[in-house]
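Trainee: make a model of this:
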Amino acid sequence: MSTCYGILLLLALATPLVARPAADRPNVVLIYLDDSGFGDYSHNGNPVIETPHIAGLAQQGVNFTQFYVTSPACSASRFSLMTGRYPAHSGFGTWVIGPSAKAHLRTQETTLAEGLKQRGYATGMFGKWHLGNPNPGNHMSASALPLAHGFDSWLGTNVSHDYANAKLLKSEPGGNHPVAGYAEIARNLPSDVAASTSLTGRYTRAAVDFIQKNKDRPFFAYVAHNQPHLGLFVSDAFKGKSRRGLLGDVMAEVDDSVGQILKALKESGIENNTLVIFSSDNGPWVRFRTAKSSKYGEARMHVGYALPFRDGKGSCWEGGHRTPGIFYWPGTIRPRRELTPVSTLDVLPTVFAITGAKSPDPTLLDGRDIRSLLIPGSPAPKLQEFEFYYSHSGNNMIAVRKGPWKLMVAIPSQTGNKHGFQASEDKPLLFNVEQDIGERIDRAAENPERVRTLLHLLHKKREEVR
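Mentor: Numbers count the residues shown, from 1 in each chain. Modelled structure (predicted):
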């Protein structure tokens, strides 16, 4: 080796790695689970559930330890993910749209898929929609489904698979059942065990096929698994494989799905040009943990974990709103554990800023551009202090967090009021949720000025969204 070459090599090795500039139109893969709690994963400390591929995302991406969803239930949460807006803007009037509901995502809302499609992206959805239903005879029915909201194709269920008349549908040119542009694969999913156990695998195969077909153009793949929402269904290949029983089996199959998607990206040569986002719509359905019997059978043995947070789905305690939140982009995102709180409201403005998609009027958005937490040296605006409103039953905001402080004026709970707390507009509760992650110590009496400030913010936000 020449002296000159040796010096150059040493200089190269000593030079710190600099992330490559973000591509103009990177691919986006968004993976969203149903009712999966913060504690359902090996990377968050679960001792018997194995999720190695998801753990790999967390270790090689930005793993947000304080990641929030706006609602502790399905439809309202998904509205915020797709639009970057609080559920009170949705017009749903509730947090869940049932299979016979006429309410649906309005076409005037700009969704993630619409913004990216206008930017030249291929857009595909694989999984549960839960933002509107096909209602034959209703001329507006097609506007309730994914093709009317920016997706080129869709395979999935209209609602959660536990509804008696839940349908498995796919988009199909020329199809006309149950409405124009769609075809029905299965109906009454809880009774159709073969269809229900196939869902995770179906979505995975369809997503992988979509990635392979669109590897030479920018694409957006939204993979919205039905699991681990009760009841739990798993394919034969994963049945009985986990030490955690059926819940562990289900999580193993979902984790394998993530692994197959990552493999498809790598084999297609686009891994380093793809942003992968992973989360869940709300916490686990913990109220069934104490149920002696239910339509879900031995559901109490299969419910996931919100730990270390209190309560779960349907609740505005932290366990209902705190979920895993991972952003993974090899070569662009610097891997680390990030303590700054963020939410699903931040996904749309951040993805639009990264991809150059046209954003709605910023005054319509409730989320922030969080590129500064993801990409070193990005031209993102200064990140404002975290301010977040907890929505219950769709329109009803009953709690606010600013910085580490959370104020609650009501206590909707799925597990009962075991600890004797009462909350009202006149006597709200105050917690420091970074010091007291289990929400055990009410600090309202010692912080009257902070209580007044947060109560004012809550009232002001209610008026804004009204």
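Trainee: pull the contacting residues for the closest residue in space to K239 that isn't next to it in sequence.
Mentor: In space, and not counting its chain neighbours, K239 is closest to D249: 5.7 Å by C-beta to C-beta, 6 or more residues apart in numbering. Bear in mind the C-beta positions are built from the backbone N, C-alpha and C, glycine included. D249 makes contact with L232, V234, F238, K239, G240, K241, S242, according to C-beta atoms under 8 Å, 6 or more residues apart in numbering.
Trainee: element containing D249?
Mentor: helix 245-267 (DSSP states H and E).
Trainee: tell me the buried residues in that helix?
Mentor: For helix 245-267, the neighbour count (16 or more other C-beta atoms under 10 Å) marks 246-262, 264-265 as buried.
Trainee: can I get the very next helix or strand once past that helix in PDB, CA atoms only?
Mentor: Downstream of helix 245-267, the first helix or strand assigned by DSSP H and E is strand 274-280. What follows is strand 274-280, C-alpha atoms only, in PDB (Å, rounded to 0.1, in the frame of the first residue of the first chain):
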ATOM      1  CA  THR A 274     -38.300   3.700   1.200                       C
ATOM      2  CA  LEU A 275     -39.700   5.200   4.400                       C
ATOM      3  CA  VAL A 276     -41.400   2.600   6.500                       C
ATOM      4  CA  ILE A 277     -43.800   3.700   9.300                       C
ATOM      5  CA  PHE A 278     -45.100   1.300  11.900                       C
ATOM      6  CA  SER A 279     -47.900   1.900  14.500                       C
ATOM      7  CA  SER A 280     -51.300   0.800  15.900                       C
END
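Trainee: and strand 274-280, what does it pack against?
Mentor: Identification of packing neighbours for strand 274-280 by 3 or more C-beta pairs under 8 Å, 6 or more residues apart in numbering; DSSP states H and E yields strand 27-33, helix 52-60, helix 245-267, strand 325-328, helix 347-355.
Trainee: now it: how far from the chain's centre is it?
Mentor: Relative to its chain's centre, strand 274-280 lies at 9 Å (C-alpha atoms, centre = their mean, to the nearest Å).
Trainee: count of neighbours near E449?
Mentor: If you count neighbours by other C-beta atoms under 10 Å, E449 ends up with 7.
Trainee: got the buried residues for the helix or strand containing it?
Mentor: Secondary structure assignment for E449, by DSSP H and E: helix 448-465. By neighbour count on 16+ other C-beta under 10 Å, the buried set for helix 448-465 is R450, V451, L454, L455, L457, L458, K461, R462, V465.
Trainee: what's the mean pLDDT across stretch 235-248?
Mentor: Here stretch 235-248 scores 96 as its mean pLDDT.
Trainee: I411 reaches S424, doesn't it?
Mentor: No: using C-beta atoms under 8 Å, I411 makes no contact with S424, being 9.4 Å away.
Trainee: pick out whichever of those two has more residues nearby.
Mentor: Comparing I411 with S424 by other C-beta under 10 Å, the one with more neighbours is I411, at 20 against 11.
Trainee: distance-wise, check the more buried one relative to K402.
Mentor: For I411, the distance to K402 equals 19 Å [C-beta to C-beta, to the nearest Å].
Trainee: got it, and K117?
Mentor: In this view, K117 and K402 are 35 Å apart by C-beta to C-beta.
Trainee: next: S171.
Mentor: To K402, S171 is 42 Å away according to C-beta to C-beta.
Trainee: got the phi and psi for M125?
Mentor: phi -120, psi 140 (degrees, to the nearest 10).
Trainee: so what sits opposite it in the bridge?
Mentor: Beta-bridge pairing for M125 (DSSP bridges): W154, Y222.
Trainee: tell me the contacts of it?
Mentor: Counted by C-beta under 8 Å, 6+ apart, M125 has contacts A113, P146, F151, S153, W154, L155, G156, A221, Y222, A224.
Trainee: double-check that the third one belongs to a strand.
Mentor: No: with DSSP: H, G, I helix; E, B strand; the rest coil as the criterion, F151 is coil rather than part of a strand.
Trainee: that one: neighbour count?
Mentor: Around F151 there are 24 other residues, counting by other C-beta under 10 Å.
Trainee: my guess is it meets G124, correct?
Mentor: Yes: contact criterion C-beta under 8 Å: F151 and G124 qualify, at 6.6 Å.
Trainee: list the residues that contact both of those two?
Mentor: Shared contacts of F151 and G124 (C-beta under 8 Å, 6+ apart): Y222.
Trainee: what about Y390, how many neighbours?
Mentor: Counted with other C-beta under 10 Å, residues neighbouring Y390 total 28.
Trainee: contact partners of stretch 315-322?
Mentor: Identification of contacts with stretch 315-322 by C-beta under 8 Å, 6+ apart yields 37-38, 66-72, 282-284, 286, 306-307, 309-314, 390, 392, 398-399, 406, 408, 410-415, 433, 437, 439.
Trainee: right, I mislabeled it, should have said stretch 90-102
Mentor: Applying C-beta under 8 Å, 6+ apart, the contact partners of stretch 90-102 are 71-77, 79, 87, 103-106, 130-133, 135, 138, 158-159, 163, 165-167, 391-395.
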